[in-house]
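Student: For reference, the sequence and a predicted model appear below.
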Amino acid sequence: MTPEIKFDDFLKVDVRVGTVIAAETFPEARKPVIKLTIDFGADIGTRRSSAQITKYYKPEELVGTQVVAVVNFPPRQIGPFMSQVLTLGVPDENGEVVLLRPTVPVPNGGRLF
């Protein structure tokens, strides 16, 4: 477990829900990843993410699904791709990423609380 933080520290991390509007393989990456374009609604707009989620997900199956991501990290260059948000997941028993997703549809841009 990491050190305890104050609630104000938690509020600094902006975690939002968005809908995947495009997904494609990223053959230039060192590890297998999928490039995502995610719609976070009118206030945030669309953002791109590179996610190591190829064990359980295919690009064509992700389009139209909702994911949860940190939207206020600085962009990160991953090879020729600029990742703008961190799509969130948790490891399975083998360390493979399982996406965090709402269990029912919610409006894009909704903030985690």
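Tutor: It's in. All figures in this text were calculated on a predicted structure; none of them were measured in a lab.
Student: which SS class is D8?
Tutor: Under DSSP: H, G, I helix; E, B strand; the rest coil, D8 falls in the helix class.
Student: State the number of residues packed around it.
Tutor: 7 (other CB atoms under 10 Å). C-betas here are computed from N, CA, C, even on glycine.
Student: now do V97
Tutor: V97 has 18 neighbours, counted by other CB under 10 Å.
Student: likewise E24?
Tutor: 13.
Student: same deal with L36?
Tutor: The tally of other residues near L36 (other CB under 10 Å) stands at 27.
Student: G79 too?
Tutor: By other CB under 10 Å, 13 other residues sit near G79.
Student: Repeat that for the one 5 residues further on.
Tutor: Using other CB under 10 Å, Q84 is surrounded by 18 other residues.
Student: Same check on the one 10 residues further on?
Tutor: Using other CB under 10 Å, the number of residues around N94 comes to 6.
Student: Repeat that for V20.
Tutor: Neighbour number of V20 under other CB under 10 Å is 24.
Student: distance of the nearest residue to it once chain neighbours are set aside from N94?
Tutor: Spatially, and ignoring its direct neighbours in sequence, V20 is nearest to L62 (4.7 Å; CB to CB, 6 or more residues apart in numbering). To N94, L62 is 21 Å away according to CB to CB, to the nearest Å.
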